[in-house]
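Asks: Provided below for reference: sequence and predicted model.
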Amino acid sequence: MSAGGPDEYMIDSRDGRIGRVMGREGPYVQLRPPGGGREWDCPPEALRPVPPAVLLRARVRERNRQGRLRG
């Protein structure tokens, strides 16, 4: 399974959380929840692609949060 590129959304199959790939730290991929929050480490083999409908919801949530922070 691909570890995902920067800014790509992936699912941590260990617990089902969706995160945006922020980078790598040692053997782990760092993910951040849509809309911000604390990053967490995920082994690359636990990453799964996000279904399109779920990805759309995650991106909308992130944009909504960004709008609230600016406004």
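Replies: Nice, I can see it. Numbers count the residues shown, from 1 in each chain.
Asks: Please, where are all the strands along this structure?
Replies: Counting by DSSP state E, the chain has these strands, from start to end: 9-12, 17-25, 28-32, 40-42, 47-49.
Asks: a markdown table for the ones you listed, including mean pLDDT and mean neighbour count?
Replies: (Each C-beta comes from the backbone N, C-alpha and C, glycine too.) Formatted as a markdown table, those follow (pLDDT from 0 to 100; neighbours: other C-beta atoms under 10 Å):
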| stretch | mean pLDDT | mean neighbour count |
| --- | --- | --- |
| strand 9-12 | 95 | 21 |
| strand 17-25 | 94 | 16 |
| strand 28-32 | 96 | 18 |
| strand 40-42 | 98 | 17 |
| strand 47-49 | 96 | 17 |
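Asks: among these, which is nearest Leu56?
Replies: Nearest of these to Leu56, taken as C-beta to C-beta: strand 9-12 at 10.1 Å.
Asks: mind checking which of the strands of the chain is nearest Arg57?
Replies: Proximity to Arg57 (C-beta to C-beta) singles out strand 17-25 among these, at 8.8 Å.
Asks: neighbouring strands for the closest one, and are they parallel or not?
Replies: strand 9-12 (antiparallel), strand 28-32 (antiparallel) (DSSP bridges).
Asks: and Ala46, which of these is closest to it?
Replies: The closest of the strands paired with strand 17-25 to Ala46 is strand 9-12. By C-beta to C-beta, the value is 5.8 Å.
Asks: what comes into contact with that closest one?
Replies: Strand 9-12 has contacts (C-beta atoms under 8 Å, 6 or more residues apart in numbering) with 4, 17-21, 29, 31, 34, 40, 42, 46-50, 54-55, 58-59.
Asks: Now do that strand: distance to the chain's middle.
Replies: Centre-to-centre, strand 9-12 and its host chain are 5 Å apart (C-alpha atoms, centre = their mean, to the nearest Å).
Asks: if we can go back for a sec, reformat the strands paired with strand 17-25 as JSON lines; add distance to Asn64.
Replies: Listed next are these as JSON lines, based on distance: least, C-beta to C-beta, whole Å:
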{"stretch": "strand 9-12", "distance to Asn64": "16"}
{"stretch": "strand 28-32", "distance to Asn64": "16"}
